[in-house]
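K.L.:
please find the sequence and the predicted model below.
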Amino acid sequence: MAVKINVTGEVVTAYLTGELDHHTAKEMREAVDNAVELNMPSLLVLDFSGISFMDSSGIGLVMGRYRNLQKTGAALHISGASPTIYKVLKLAGIEKLAKLEGDKQNG
Amino acid sequence: MVKNSFCMNFLSRSANEGFSRAVVSAFASQLDPTLEEINDIKTAVSEAVTNCIVHAYGDDGGKIYISAELYEDNTIKIKIRDKGKGIENVSQAMEPLFTTVGGERAGLGFAVMMSFMDSVKVRSTIGKGTSITMIKKLRHRFSVNG
Ligand SMILES: Nc1ncnc2c1ncn2[C@@H]1O[C@H](COP(=O)(O)OP(=O)(O)OP(=O)(O)O)[C@@H](O)[C@H]1O
Ligand SMILES: [Mg+2]
């Protein structure tokens, strides 16, 4: 499985692993969306620490989840983004949609 | 002067996205690139190949052609070509956030290619296909300014 889900109270954390491209995005998206539908969290955390490669399909994944969460007013955070992942996310101005936890912010 | 070159073609299948960027990055590693440079090349190739699969061919399928050349001055030139539907308005397609599919696509593929490579040239003919030529000069690892 490319996604591990952890639910703690109203927080759903999705640990994404492997390479995130157009080929793998669909399975990851479905796993995240299922967990969100099932648990109705007030906060979704997408954890990228297990992602070794990401292209703009990853931006699409983040933006798509952000749009979905807006319907219920839930927040979106991103954690564990390596400098290479951050380099791609930055192009989309993702920090305006999702709070970046850890690394970049505190480091 | 050309130091080395390769070309290959493969079917328009999403499983080949990872395969093709791995091949190009393995080839580029002859120039002793930094990890960041290798990742830039991988990401740009992934964008161009994915566009062939998603936009050029869609469900029809077809072949994707990649060729690359390494030059004495530590430059790599990568050409990615399809014989798919072509792009109607290239300059519009290259604008950040422009996409003809929406939904799960951000419209940032060209923006990624342009920011990760030194130059990106697009030639496209409706009904004939599209070719993307990308160039990147790698820094000399052992230069004084390193
Ligand atoms: N090889 C191609 N053949 C036909 N159309 C293409 C091709 N490459 C790109 N396009 C067109 O250009 C548009 C912009 O491409 P770009 O890669 O920037 O964004 P995207 O693929 O739509 O989204 P993203 O790359 O962020 O997932 C596409 O939506 C598509 O209409
Ligand atoms: Mg694209």
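P.N.:
Arrived safely, thanks for sending. Being a predicted model, the structure only gives us computed values, none of them experimental. Ligands and ions are numbered 1, 2, ... in the order given.
K.L.:
make it CA atoms for all contacts and neighbour counts henceforth
P.N.:
Noted.
K.L.:
is it true that residue B:107 lies in a strand?
P.N.:
No: assessed with DSSP: H, G, I helix; E, B strand; the rest coil, residue B:107 is coil; it does not lie in a strand.
K.L.:
wait, it sits on residue B:96?
P.N.:
Yes: applying Cα atoms under 8 Å as the test, residue B:107 and residue B:96 come out as touching, 6.2 Å apart.
K.L.:
those two: which is more packed in?
P.N.:
residue B:107 (24 against 16; other Cα atoms under 10 Å in any protein chain shown).
K.L.:
are we agreed that residue A:15 is in a strand?
P.N.:
Yes: the assignment for residue A:15 is a strand, going by three-state DSSP.
K.L.:
check the gap between the residue sitting nearest the centre point of chain A and residue A:8 for me.
P.N.:
Nearest to the mean C-alpha position of chain A, counting by Cα atoms, centre = their mean, stands residue A:46 at 2.9 Å. With distances taken as Cα to Cα, to the nearest Å, residue A:46 is found 14 Å from residue A:8.
K.L.:
cool, residue B:118 as well?
P.N.:
As defined by Cα to Cα, residue B:118 lies at a distance of 45 Å from residue A:8.
K.L.:
over to residue B:89?
P.N.:
48 Å.
K.L.:
what's the neighbour count on residue 14?
P.N.:
All of this refers to chain A. Using other Cα under 10 Å, the number of residues around residue A:14 comes to 25.
K.L.:
can you look at chain B instead?
P.N.:
So residue B:14, with other Cα under 10 Å, has 17 neighbours.
K.L.:
ok, it touching residue B:53?
P.N.:
Yes: contact criterion Cα under 8 Å: residue B:14 and residue B:53 qualify, at 6.8 Å.
K.L.:
residue contacts, residue B:21?
P.N.:
Going by Cα atoms under 8 Å, 6 or more residues apart in numbering or on different chains, residue B:21 touches B:41, B:42, B:43, B:45, B:46.
K.L.:
per-residue pLDDT, the last one?
P.N.:
In this case it means residue B:46. Residue B:46 is assigned a pLDDT of 98 by the prediction.
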